[in-house]
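>>> Quick one: sequence and predicted model below, then my questions.
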Amino acid sequence: MQPKHPPVNASDTPVSGEFAAAAMGQLAPRLADQENVLCTLAVDLNAQLHFEPGLVALTNQRVLAFSQATGWTGWSLLTPAGAFVPDLRLRHFDHAGVGTLELQGNDGRLAGWRFTLGNNLQALRLVRLFAQQQAGGPAGAATLTGSGTAQDTDLAVCPECDLPLPPDSEECPACARDLHTPPSTWVLLRLWRFAHPYRGQLLAGFLLTLASTAATLVAPYLTIPLMDEVLIPFQNGQQIETSKVVWILGGLLAAAVLGWALNWARTYLLALVSERIGADLRTATFDHLLDLSLDYFGAKRTGDLMARIGSETDRICVFLSLHALDFATDVLMIIMTAVILFSINPWLALVTLLPLPFIAWMIHVVRDKLRTGFEKIDRVWSDVTNVLADTIPGIRVVKAFAQEKREAERFREVNHHNLVVNDKLNKTWSLFTPSVSLLTEIGLLVVWAFGIWLIARQQITVGVLTAFIAYIGRFYGRLDSMSRIVSVTQKAAAGAKRIFDILDHVSNVPEPAQPVKIEALQGRIDMKGLGFRYGNRSVIRGLDLQIQPGEMIGLVGHSGSGKSTLVNLICRFYDVTDGSIQVDGTDIRRFAVADYRRNIGLVLQEPFLFFGTIAENIAYGKPGVTRAEIVSAARAAHAHEFILRLPQGYDSLVGERGQGLSGGERQRISIARALLINPRILILDEATSSVDTETEKEIQRALDNLVQGRTTIAIAHRLSTLRKADRLVVMDRGQVVEVGPHDELMAKQGAYWRLYEAQARQVDSEDDSALAVNQQTQIALVTSQLSHAAQHAAQQTGNR
């Protein structure tokens, strides 16, 4: 007899705590003979979408479910003959952050469970095992792995963790994590694509480096005749040859001057080149960043991107202009010095190289620690800039809620973390540098000792040893310099990796290989079988909608119904997952992105204004227009009057994000900006939701001018603002549920009627509340006046 088994890998399921222990304890006694639990799923929402724990268990014979309200219930998967129940289905879908499992049979829906998407992977596993049970026939046909999953199924499976892949995805959410792999120093070689245009200047810089290095090696060589032919003979009583002294000293001076001149030319030339490489790198990174789709920015912090384009490129520029040049000089100096040392005395040269293997080993060991450490420092520094990027633009909110101390503490925490990470790296670096210096000093002592021994045996002269010591000073000095460059090189490699992380990212909204040229857009929009998913969350499904040229469409629906997502798809901020969007009969993916978006005007709920003048903000979408065109657009947007009241009129500076202007004024400038480009398709996303009634009327008059003759799609929660729409499109759970004019939809008393009535009741309730507050205020005022009059009368009576 096959024993009962508890849930496979039950500890890996989202069930936890006291409820988990109670549910698991009750499950085992309910299992029949030869019944094994294949998978469990924690559900945390009830039918009313309130948080309530529950459990769904799949066995090889039944589906069991537990809730606090109904206790345990079960549904058999098998017929009395042992076959799988025909037409039994387990459906899985999700919308707006809520996942749903439905067990369906011939009689319709048998049961349903809801859960937050944190449990979605486990739900997909349960569905997969259910499908395998259905395909495998008799119970027990499934082959379970040690992780509680099954193999040999038609569903797509991640090869790493054996979890089912989300629909329309080749990436496993459980495995797709940023592992922060340490950057390789070889990533610096990828900078050649930016250095290639300056290869002539780089070649000239290399030749100058070679010449300047050779010039600096002349002086030690001249010390041999200076010691052996001038100083030592003079010390022994011989006469000094003045001409020889002049030639030697003249050679030393000429070598010094020539070395200075070559070094100056080399440094200046390569500094110019490195600055241009850095500028090109910044420009290319920013250009590529602008071409990426919105989903990339949704997953990144502003401060992090600013740090990459700013400080990382600056660090690479410093590396190229200073340290890469020093590294090349050091390598040439070491090679040329080694050649000269071996040509003078091979045995003494071999002794000189003794510390080299130890230094190379230390560099290899420390390099890996520095490489990972510097990348960690970059990430921590991004956290610091992220706090600044959050706090400074939101300073009004910080002050409004008196959260200065909280933000200061948040900055103090990330700054302290940055300090700790730097201290840890400095501990390694502080030990490495003195160790290299110690090894070079020991090597110098060994050379002195061996050189004195050779002199005693008359194998070399004092001049040769003096020249050797001078060359060794340069040799070991360059070794020490190269060891210090290791730190800078790893910093540059970490920065280069973060830069190329941006440059290597491919936009999810690609440009077509052969774009269709837009001649004159009419504005007809056809959406066929439209589907879109954020990750594994379905937002729009099977949507069909046709919009005629010049037609005004109002999009309505509850929050999370997919209205803004649909607008983003029409603007091609994202590409559809299923189906297509066609404009004038052409799929919008066949248009060049910039050409297509030039025909779209966008007015957002929160208009964004750039730092600059009023005129520059209005002309943002069409640079180079005349002042007359700007004024005309402002007049049509009902913005001309308030602009003239500003101190410098159209040349008045707008603060960052429109600081200094009211919400209605910013919105009318945004409308003028959209009017100026004369778009064929107009998108109004809650354009009047955040202003008062009077300002709304002004904006509405401006919008009336804007929508004339244009295909317009308007989103509004205030349904009364969409009365002028030709048709209203009601959306729910990513689908179109009703389409028609206002009066027709009201007569149907369907989804739109319910939305309208609910909003009307809310308005009436707010009016009643305002009236009650007004009445209470008047009563309190009258009571106060009567009380004051009574006190005054009593005071007069007392005076009598």
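Received, thanks.
>>> use CA for all of it now, contacts and neighbours both
Will do.
>>> where does Ile540 land in three-state SS?
For Ile540, the secondary-structure state derived from DSSP: H, G, I helix; E, B strand; the rest coil is strand.
>>> before we move on, what about Asp526?
The three-state label given to Asp526 by three-state DSSP is strand.
>>> mind checking pLDDT for the closest residue to it other than its chain neighbours?
What sits nearest to Asp526 in space, not counting adjacent residues and going by Cα to Cα, 6 or more residues apart in numbering, is Gln546, at 4.5 Å. We have a pLDDT of 90 for Gln546.
>>> Gln546: how many residues sit nearby?
13 (other Cα atoms under 10 Å).
>>> any idea which helix or strand carries Arg109?
According to DSSP states H and E, Arg109 maps onto strand 108-116.
>>> got it, and Ala496?
Counting by DSSP H and E, Ala496 is part of helix 462-503.
>>> Same question for His92.
Going by DSSP H and E, His92 is part of strand 89-95.
>>> Could you pull up the mean pLDDT of that strand?
pLDDT averaged over strand 89-95 gives 79.
>>> Just checking: what are the partner strands of that strand?
strand 98-105 (antiparallel) (DSSP bridges).
>>> avg pLDDT for the partner strand?
Here the average pLDDT along strand 98-105 is 85.
>>> which other residues reach that strand?
The contact list for strand 98-105 (Cα atoms under 8 Å, 6 or more residues apart in numbering) reads 87-94, 109-117, 120, 123.
>>> how near is Pro434 to Ile359?
Counting by Cα to Cα, to the nearest Å, the gap from Pro434 to Ile359 is 11 Å.
>>> between the two, which one's more packed in?
Applying other Cα under 10 Å to Pro434 and Ile359 shows that Ile359 carries more neighbours, namely 20 against 12.
>>> Could you measure from Trp361 over to Gly99?
56 Å.
>>> what about those two, which has more around it?
Gly99 (22 against 11).
>>> looking at the sheet around the more buried one, what are its partners?
Asp94, Phe115.
>>> re earlier: tell me the buried residues within the contacts of strand 98-105.
Among the contacts of strand 98-105, those buried by neighbour count (16 or more other Cα atoms under 10 Å) are 88-90, 92-94, 112-117, 120, 123.
>>> got the angle for the longest helix anywhere in the chain vs helix 462-503?
Scanning the chain for the helix with the most residues, using DSSP state H, yields helix 404-456. Helix 404-456 runs at 150 degrees relative to helix 462-503, counting by axes from the mean of the first three to the mean of the last three Cα atoms, to 10 degrees.
>>> Check which helices and strands helix 404-456 is in contact with.
Helices and strands touching helix 404-456, by 3 or more Cα pairs under 8 Å, 6 or more residues apart in numbering; DSSP states H and E, are helix 346-352, helix 356-391, helix 462-503.
>>> hey, which of these is tucked in deepest?
helix 462-503 (a mean of 21; mean count of other Cα atoms under 10 Å).
>>> Tell me what angle that one forms with helix 356-391.
Using the same axes, to 10 degrees: helix 462-503 against helix 356-391 is 30 degrees.
>>> could we number from 589 for the rest of this?
In the new count, where the first residue is 589, that last one comes out as helix 1050-1091.
>>> Let's test this: mean pLDDT of helix 1050-1091, rounded?
76.
>>> Just list whatever residues bridge to Leu1118.
The partner residues for Leu1118, given DSSP bridges, come to Leu1131.
>>> Report the contact partners of it.
Leu1118 is in contact with 1128-1132, 1164-1169, counting by Cα under 8 Å, 6+ apart.
>>> So for Gln1170, what's the pLDDT?
On the pLDDT scale, Gln1170 gets 90.
>>> So it, which state does it fall into?
Applying three-state DSSP: Gln1170 is strand.
>>> hang on, isn't it packed against Gly1111?
No: counting by Cα atoms under 8 Å, Gly1111 is not a contact partner of Gln1170; they are 9.9 Å apart.
>>> Strands of the stretch 589-738 of the chain, residue ranges please.
625-633, 639-647, 650-655, 659-664, 677-683, 686-693, 696-704 (DSSP state E, counting those that start in this stretch).
>>> Over to the stretch 789-938 of the chain?
Under DSSP E, counting those that start in this stretch, the stretch 789-938 of the chain gives no strands.
>>> Show me the shaky parts of it.
886-887, 909-910, 913 (pLDDT under 70).
>>> residue closest to the middle of this structure?
Lys888 (1.9 Å; Cα atoms, centre = their mean).
>>> State the distance from that one to Leu637.
31 Å.
>>> And what about the residue nearest to Asp1114, helix, strand or coil?
strand.
>>> thought it was touching Met1140?
No: with contact defined as Cα under 8 Å, Gln1134 does not reach Met1140; the gap is 11.7 Å.
>>> From Leu646, how far out is the closest residue to Leu678 other than its chain neighbours?
Excluding the flanking residues, the one nearest Leu678 by Cα to Cα, 6+ apart is Leu691, at 4.6 Å. Here Leu691 is placed at a distance of 12 Å from Leu646 (Cα to Cα).
>>> quick one: which of these two has more around it?
Applying other Cα under 10 Å to Leu691 and Leu646 shows that Leu646 carries more neighbours, namely 24 against 17.
>>> got a list of what the more buried one touches?
625-628, 652, 714, 718.
>>> Let's have those residues in JSON lines, adding distance to Val1076 and neighbour count.
Formatted as JSON lines, the contacts of Leu646 follow (distance: Cα to Cα, whole Å; neighbours: other Cα atoms under 10 Å):
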{"residue": "Val625", "distance to Val1076": "57", "neighbour count": "23"}
{"residue": "Leu626", "distance to Val1076": "55", "neighbour count": "26"}
{"residue": "Cys627", "distance to Val1076": "53", "neighbour count": "25"}
{"residue": "Thr628", "distance to Val1076": "52", "neighbour count": "29"}
{"residue": "Leu652", "distance to Val1076": "61", "neighbour count": "20"}
{"residue": "Leu714", "distance to Val1076": "52", "neighbour count": "25"}
{"residue": "Phe718", "distance to Val1076": "56", "neighbour count": "23"}
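>>> which among the residues you listed gets closest to Leu1343?
Leu1343 has its nearest neighbour among the contacts of Leu646 in Leu714, at 36.7 Å by Cα to Cα.
>>> May I have the secondary structure class of Leu1143?
Once three-state DSSP is applied, Leu1143 turns out strand.
>>> And for the one 4 residues further on?
Following three-state DSSP, the label given to Ser1147 is coil.
>>> picking up where we left off before, any chance of a markdown table for the buried ones among the contacts of strand 686-693, columns distance to Asn1010?
Formatted as a markdown table, the buried ones among the contacts of strand 686-693 follow (distance: Cα to Cα, whole Å):
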| residue | distance to Asn1010 |
| --- | --- |
| Leu676 | 60 |
| Arg677 | 57 |
| Leu678 | 54 |
| His680 | 48 |
| Phe681 | 47 |
| Asp682 | 45 |
| Gly700 | 53 |
| Trp701 | 50 |
| Arg702 | 47 |
| Phe703 | 43 |
| Thr704 | 40 |
| Leu705 | 38 |
| Asn708 | 39 |
| Ala711 | 43 |
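>>> Which one of those is nearest to Glu1107?
Asp682 (40.8 Å).
>>> Just to check, the closest one is in contact with Tyr1122?
No: using Cα under 8 Å, Asp682 is not in contact with Tyr1122; the gap is 10.9 Å.
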